[in-house]
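Trainee: when you get a sec, could you give me coordinates for this:
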Amino acid sequence: MSKSVTPYKDSSLGKKEQVAQMFDTISGNYDGLNRVISFGTDVKWRKKVLALVDAKKPDTILDIATGTGDLAILMTKTNAKKIIGLDISAGMLDVGRKKIEQKKLSNKIEMVLGDSENMPFEDNSFDAITVAFGVRNFETLEKGLAEILRVLKPNGIFVILETSVPKKFPFKQGYYFYTKNILPLIGKLFSKDNSAYSYLSESASVFPFGEALNNILRKVGFIDVAAMPQTFGVATIYSASKK
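Mentor: Okay, here's the model as predicted:
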């Protein structure tokens, strides 16, 4: 089980509600923050996710924790007939819808407000499902993954892009210094909600990664599970399938 971290330590709300509130608050600055904190490498990571999905030639794609829709928009480079972006934050979805309209992609992408742990979709609905920087925000990780397994079609592909912790010197030491000292400073530049950026850093540092997350995916019922570390291990791409 992963350790639970919440954005607002003194809140009476549950993690799910706190995460939605946090992302509503920072939605206007989120895209800029992603580019800055990853030095732009998150764009390259997403393109690798696209390549994995595109190789399966999916007709239907679900992007969970879609946020402002970056990955959902990128998925239009596949020949998928329908792409759905799901997120618990209405503020993030509003930003995403504007981006989609500007790119004239509203006929291809539908943005849906919903809970990843209780999705409004039938069993075996999607050929491909993606989550970029979202699984660590699940209130109950195994419940969220089981729900993803439910709506994924047999032989479909599930791809996760998530932060991880480098294992080798000096990258491990550099990672901890950056996330504990530099990231909070960047957060202050982007938002008054400093607790949001502390949460993003803290939740990344305690979330299971590599073989630990692989084992959780297998326990839930996924098959063909693989982890592919990126950029010295600061992020990892996971792929899995369903019988």
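
Trainee: need the strands for the chain, in chain order.
Mentor: With strands called from DSSP state E, the chain shows them at 60-64, 82-87, 109-113, 126-132, 152-163, 223-230, 235-241.

Trainee: do you know which of the ones you listed lies nearest residue 202?
Mentor: Nearest to residue 202, of all these, is strand 152-163, at 11.4 Å by C-beta to C-beta. The C-beta positions use only the backbone N, C-alpha and C, and glycine is treated the same way.

Trainee: got the angle between the closest one and strand 235-241?
Mentor: Angle, strand 152-163 to strand 235-241, by axes from the mean of the first three to the mean of the last three C-alpha atoms, to 10 degrees: 170 degrees.

Trainee: which helices and strands does strand 152-163 pack with?
Mentor: Secondary-structure packing of strand 152-163 (3 or more C-beta pairs under 8 Å, 6 or more residues apart in numbering; DSSP states H and E): helix 41-54, strand 126-132, strand 235-241.

Trainee: next one: the closest residue to residue 112 other than its chain neighbours from residue 126, what distance?
Mentor: Spatially, and ignoring its direct neighbours in sequence, residue 112 is nearest to residue 86 (5.0 Å; C-beta to C-beta, 6 or more residues apart in numbering). Relative to residue 126, residue 86 is positioned 11 Å away (C-beta to C-beta, to the nearest Å).

Trainee: and the two? Which one has more around it.
Mentor: Taking neighbours as other C-beta atoms under 10 Å, residue 86 and residue 126 compare with residue 126 leading, 27 against 24.
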